[in-house]
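Asks: show me how the following folds:
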Amino acid sequence: MGNVFSSGSMSDDLYLSNGGTAAFLDVLWLAISDLACRPWDFRFAALLALQDQTVMGRGVVGFDLEDVDWGDTWAERARAKDFVLRVIDRALERHRWDELTYEPPYVPGYLHRYRAMIKTFTPPPHPTHADAFPGPDMGITASCTRHRVLDSLPYWAGCLFCTGGTMRSTPQK
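Replies: Below you'll find the predicted structure:
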């Protein structure tokens, strides 16, 4: 059983095992927590939070890029796509990976594949399933002070690391 992160009609999907999904989300969470600054960024963070298998269940997460509300104008869609690429690039730099309780050896390959998917993806003017992407009032803006990342509020109490326990509670020096 695994999870699928789809690229819509391009049929270029990223299939991940449950463990691969957890590691993929962990490193994206570290990156997005440091880069999010605009309302759309926090909505995308909420979408990632909704992929937390410890809350949602194993083998039932993933999303299609065509279901994301990338924005109404070409400029908004380009800015949103650029943000996701910057998040992936930050994760590829191994940003804060030293704070994880494990080494994710396969994640760089997942990130490169996902980056290629995003790079070639053309965001549609309207999402395929509008209810799949968190609305403007459902973005994640709270912080988990224990782990220094975005919290999963308003969806559930605790961040991705509070629910999964894959990060040290105090960073190593």
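Asks: which helix or strand lies directly C-terminal to the worst-scoring helix or strand of the chain on mean pLDDT?
Replies: In the chain, no helix or strand scores lower on mean pLDDT, DSSP states H and E than helix 53-56, which sits at a mean of 60. As assigned by DSSP states H and E, the chain's next helix or strand after helix 53-56 is helix 74-92.
Asks: after that next one comes which helix or strand?
Replies: Criterion used, DSSP H and E; the element after helix 74-92 is helix 107-120.
Asks: tell me which helix or strand the residue most central in space within the chain sits in.
Replies: Centroid-nearest residue in the chain: Leu48, 3.7 Å away (criterion: C-alpha atoms, centre = their mean). For Leu48, the host element (DSSP H and E) is helix 39-49.
Asks: ok and that helix relative to helix 74-92, angle-wise?
Replies: Calculated by axes from the mean of the first three to the mean of the last three C-alpha atoms, to 10 degrees, helix 39-49 forms an angle of 50 degrees with helix 74-92.
Asks: for helix 39-49, name the packing helices and strands.
Replies: helix 18-35, helix 74-92, strand 149-150 (3 or more C-beta pairs under 8 Å, 6 or more residues apart in numbering; DSSP states H and E). C-beta here means a position set from N, CA and C on the backbone, and glycine is covered the same way.
Asks: how near is Val84 to Cys162?
Replies: 24 Å (C-beta to C-beta, to the nearest Å).
Asks: try Arg79
Replies: On the measure of C-beta to C-beta, Arg79 and Cys162 end up 30 Å apart.
Asks: so for those two, which residue has more residues nearby?
Replies: More neighbours surround Cys162 than the other of Arg79 and Cys162, with 19 against 15 (other C-beta atoms under 10 Å).
Asks: so how far is Lys119 from the more buried one?
Replies: 32 Å.
Asks: also Phe24?
Replies: Relative to Lys119, and taking C-beta to C-beta, Phe24 is found at 17 Å.
Asks: who's more crowded, these two?
Replies: Phe24 (24 against 11).
Asks: just confirm that one contacts Tyr110, I think it does.
Replies: Yes. Between Phe24 and Tyr110 a contact is recorded at 5.0 Å, counting by C-beta atoms under 8 Å.
Asks: shared neighbours of the two, anything?
Replies: Counting by C-beta atoms under 8 Å, 6 or more residues apart in numbering, the shared contacts of Phe24 and Tyr110 are Leu16.
Asks: just to revisit the earlier point, I'd like the mean pLDDT over the helix holding Leu48, please.
Replies: Mean pLDDT, helix 39-49: 89.
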